[in-house]
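**Student:** Following is a predicted model, sequence given first.
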Amino acid sequence: MPGWQRLHTRIGSSWRFLSVAADVAGPEAAQPWLESAGATFSSVVDADGTLTALFGLGVVSATLLFDEDTRLVEPILRAYPDEPEHARQLEEWVAGGPVPDIPRRLDQDVAPGSRRALAWRRMAELALAEDDIPAAASSLDEAWKLEPDNMQARKQRWALRHPERFYAGDIDREWQRSQVAEGG
């Protein structure tokens, strides 16, 4: 059972979880991953990057914690409930403890090119709707140039050019690390 589902099961249904797949290729590309996770909570696909832009999230994975009035409490980036320390801190927070001490950053100070980068991500979505993968990948290249720290744009361009590393079984995380090390 994946970590978020295990955490959801342990803390009970009084907390609402929402999984967001940020995949420019749309629901069809994200669906196998959502199904394999076996999540009992809601999932949506943010193909055009609107939700991630709204919250200033340029990394994967990102976690947003909301209070009972659905107000944003804290963004937590790179929280992995499969890691025992992250799971412990998240469970303590849910029980009324302190906000987890997991690396966090919300891009409140929007990078100068982020609006243009969002436009390029939307261009990628439109190109994919026309089955023009090279144009979509090129659009994501432009988005990534404007926001080099945006891992979503970076990974989406990789996925379009190397789908076997993303959509043929497990995601090849070692290959991704090598791409980052090479600056790609």
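**Tutor:** Right, received. Where do you want to start?
**Student:** all contacts plus neighbour counts: C-alpha atoms, from now on.
**Tutor:** Noted.
**Student:** Can you find the helix or strand in the protein with the smallest mean pLDDT?
**Tutor:** Sorting the helices and strands of the chain by mean pLDDT, DSSP states H and E puts strand 72-77 at the bottom, at a mean of 61.
**Student:** For stretch 28-48, list every residue counted as buried.
**Tutor:** A30, L34, A39, V45, D46, A47, D48 (16 or more other Cα atoms under 10 Å).
**Student:** Doesn't the last one belong to a strand?
**Tutor:** The reference is to D48. No: D48: not assigned to a strand; according to DSSP: H, G, I helix; E, B strand; the rest coil it is coil.
**Student:** List the contacts of it.
**Tutor:** Shown in contact with D48 (Cα atoms under 8 Å, 6 or more residues apart in numbering): V24, L118, R121, R122, E125.
**Student:** do the fourth one as well
**Tutor:** Under the criterion of Cα under 8 Å, 6+ apart, the contact partners of V45 comprise V20, A21, A22, D23, G26, P27, A30.
**Student:** biggest separation within these, which pair?
**Tutor:** Farthest apart among the contacts of V45 by Cα to Cα are V20 and G26. That separation is 11.5 Å.
**Student:** joint contacts of these two?
**Tutor:** Joint contacts of V20 and G26 (Cα under 8 Å, 6+ apart) are V45, D46.
**Student:** picking up where we left off before, report the next helix or strand after the least confident helix or strand of the chain in sequence order.
**Tutor:** As assigned by DSSP states H and E, the chain's next helix or strand after strand 72-77 is helix 84-94.
**Student:** Quick check: buried residues in that next one?
**Tutor:** H86, A87, Q89, L90, E91, V94.
**Student:** can I see the domain layout of this protein?
**Tutor:** The record's domain parsing of the chain by automatic domain parsing lists 3-94, 114-181.
**Student:** Out of those domains, which one sits most buried?
**Tutor:** domain 114-181 (a mean of 18; mean count of other Cα atoms under 10 Å).
**Student:** any idea of the mean pLDDT in that one?
**Tutor:** Mean pLDDT, domain 114-181: 88.
**Student:** where do the helices sit along this structure?
**Tutor:** Counting by DSSP state H, the chain has helices at residues 3-11, 27-37, 50-54, 84-94, 114-129, 133-146, 151-161, 173-181.
**Student:** export these to TSV and tack on distance to Y167?
**Tutor:** As requested, the helices of the chain are arranged in TSV below (distance: least, Cα to Cα, whole Å):
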stretch	distance to Y167
helix 3-11	20
helix 27-37	8
helix 50-54	22
helix 84-94	27
helix 114-129	16
helix 133-146	15
helix 151-161	8
helix 173-181	12
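**Student:** P100 is nearest to which of the ones you listed?
**Tutor:** helix 84-94 (5.1 Å).
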